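**Student:** pasting the sequence and the predicted model now:
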Amino acid sequence: SQQGEEDPQALSIQEGENATMNCSYKTSINNLQWYRQNSGRGLVHLILIRSNEREKHSGRLRVTLDTSKKSSSLLITASRAADTASYFCAYQAGTALIFGKGTTLSVSS
Amino acid sequence: EPEVTQTPSHQVTQMGQEVILRCVPISNHLYFYWYRQILGQKVEFLVSFYNNEISEKSEIFDDQFSVERPDGSNFTLKIRSTKLEDSAMYFCASSEFINIQYFGAGTRLSVL
């Protein structure tokens, strides 16, 4: 399979803690993206990291990319209850985005 | 902020019936997409559309599926003869270039 795969599948933390989600993929990529999906809603783009970048920040989000290991991680710092959602990595294959199975994050107050 | 809108939010149909799912992409975007997500599973690419023709399609997008941009604003997905396994959330997306895609809230299709 060429799909991205996230781990863990589910993560439960307390407000204020950091959440780290990992993604692995099996093909060469130009970029890797992370999306968030609130329950029953559409996907919201969070951040894009290009294949020649190793780390990128956006607010409380930090993404790393290791193309030699074909892996990426998403770190959410100082989590809030509103961060409760599913998080997906996705890479571009032609015009298509290929999504992983996602990590379901639950942040309790 | 511009957004992709999808209608209806929920569509219930009988097996064998035709359904049309509608989307209004963001106005200055050039690329349009349909994805589906079966309950509890990952989001799967169906088709991309650019310059009034299909750019790419997945194995899922068989002869039962078709897409159309009937006017300057709408983008539709038609399923000719629905099957039980077509029950899923269908997401429309659009992008200005081939990178960041903006998704609608989805249409939940229930085939009975």
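**Tutor:** Yep, that arrived.

**Student:** pull the contacting residues for B:G16.
**Tutor:** Neighbouring residues of B:G16 by Cβ atoms under 8 Å, 6 or more residues apart in numbering or on different chains: B:81-82. No exception for glycine: its C-beta is placed from N, CA and C like everyone else's.

**Student:** give me the number of residues near B:I54?
**Tutor:** Taking other Cβ atoms under 10 Å in any protein chain shown as the criterion, the count of residues near B:I54 is 13.

**Student:** and it, what helix or strand is that in?
**Tutor:** For B:I54, the host element (DSSP states H and E) is strand B:53-57.

**Student:** is chain A contacted by that strand?
**Tutor:** Yes. Strand B:53-57 comes into contact with chain A (Cβ under 8 Å from any Cβ of the partner chain), by way of B:55-56.

**Student:** ignoring the adjacent residues along the chain, who's closest to the residue nearest the centre of chain B?
**Tutor:** For chain B, the residue nearest the mean C-alpha position is B:W34 (3.4 Å; Cα atoms, centre = their mean). Residue nearest to B:W34 in three dimensions, not counting chain neighbours: B:L46, with 4.3 Å by Cβ to Cβ, 6 or more residues apart in numbering or on different chains.

**Student:** coming back round to it: hang on, the residue nearest to the centre of chain B packs against B:S94?
**Tutor:** No. B:W34 is beyond contact range of B:S94, at 10.6 Å (criterion: Cβ atoms under 8 Å).

**Student:** quick one: common contacting residues for these two?
**Tutor:** Shared contacts of B:W34 and B:S94 (Cβ under 8 Å, 6+ apart): B:C23.

**Student:** ok, the helix or strand following the strand holding B:I54: who's next to it in the sheet?
**Tutor:** Using DSSP H and E, the helix or strand that follows strand B:53-57 in sequence is strand B:65-68. Applying DSSP bridges, strand B:65-68 is found paired with strand B:75-79 (antiparallel).

**Student:** just the CA atoms of whichever helix or strand comes after the partner strand, as PDB, please.
**Tutor:** Counting by DSSP H and E, the element after strand B:75-79 in chain order, helix or strand, is strand B:88-95. In PDB, the C-alpha atoms belonging to strand B:88-95 read as follows (Å, rounded to 0.1, in the frame of the first residue of the first chain):
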ATOM      1  CA  ALA B  88     -20.300   7.000   2.900                       C
ATOM      2  CA  MET B  89     -19.400  10.700   3.400                       C
ATOM      3  CA  TYR B  90     -18.600  12.300   0.100                       C
ATOM      4  CA  PHE B  91     -16.300  15.300   0.300                       C
ATOM      5  CA  CYS B  92     -15.800  17.900  -2.400                       C
ATOM      6  CA  ALA B  93     -12.500  19.900  -2.400                       C
ATOM      7  CA  SER B  94     -11.000  22.600  -4.500                       C
ATOM      8  CA  SER B  95      -7.600  24.100  -4.900                       C
END
